[in-house]
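Visitor: What would the 3D arrangement of this be:
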Amino acid sequence: MHRFNILIFEDNVDIAAGLADVLESGGHDLIIALTGSEGIRISEQTDIDLTLLDYKLPDMNGIACLQALRKNSPRSKFVIMTGEQRSGARRCRR
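Guide: Alright, predicted model coming up:
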């Protein structure tokens with residue numbers, strides 16, 4: 001099985017820990033960023049295969065963060081997550 005480098009952007013420590021537990025049990029390498037700027041710095045220094053990105057971060061929203069991440073990690077796949085309830089979801093395209 002291929003090990004993936006996964007970067008998790010999540011400011012809720014409990015949610016980040018839960019995601020990390022599940023993904024680490026699958027044998028993947030994880031890095032957790034609690035803010036957008038922290039994660040962007042990490043992506044400048046590390047090859048990332050998959051990015052799980054919270055839509056609402058303390059210092060920026062997920063879309064602004066995604067734009068910077070695409071420059072730093074062009075091969076990475078991105079999943080934007082949110083805990084907000086909305087009536088209707090929009091699909092983000094690359």
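Visitor: can you pull out the helices in the protein?
Guide: Listed in chain order, the helices of the chain (DSSP state H) span 13-25, 36-45, 62-72.
Visitor: looking at the ones you listed, which is closest to Ile80?
Guide: Closest to Ile80 of those, according to CB to CB: helix 62-72, at 5.0 Å. To be clear about C-beta, it is placed using only N, CA and C from the backbone, and glycine gets the same treatment.
Visitor: Between helix 36-45 and that closest one, find me the angle.
Guide: Going by axes from the mean of the first three to the mean of the last three CA atoms, to 10 degrees, helix 62-72 is angled at 10 degrees with respect to helix 36-45.
Visitor: pLDDT weak spots in this structure?
Guide: Applying pLDDT under 70 to the chain flags the ranges 1, 84-94.
Visitor: got TSV for the helices of the chain, with mean neighbour count and distance to Ile6 too?
Guide: Output for the helices of the chain, formatted as TSV (neighbours: other CB atoms under 10 Å; distance: least, CB to CB, whole Å):
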stretch	mean neighbour count	distance to Ile6
helix 13-25	13	6
helix 36-45	18	11
helix 62-72	17	13
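Visitor: could I get these as JSON lines with distance to Lys56?
Guide: Converted to JSON lines, the helices of the chain look like this (distance: least, CB to CB, whole Å):
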{"stretch": "helix 13-25", "distance to Lys56": "12"}
{"stretch": "helix 36-45", "distance to Lys56": "10"}
{"stretch": "helix 62-72", "distance to Lys56": "7"}
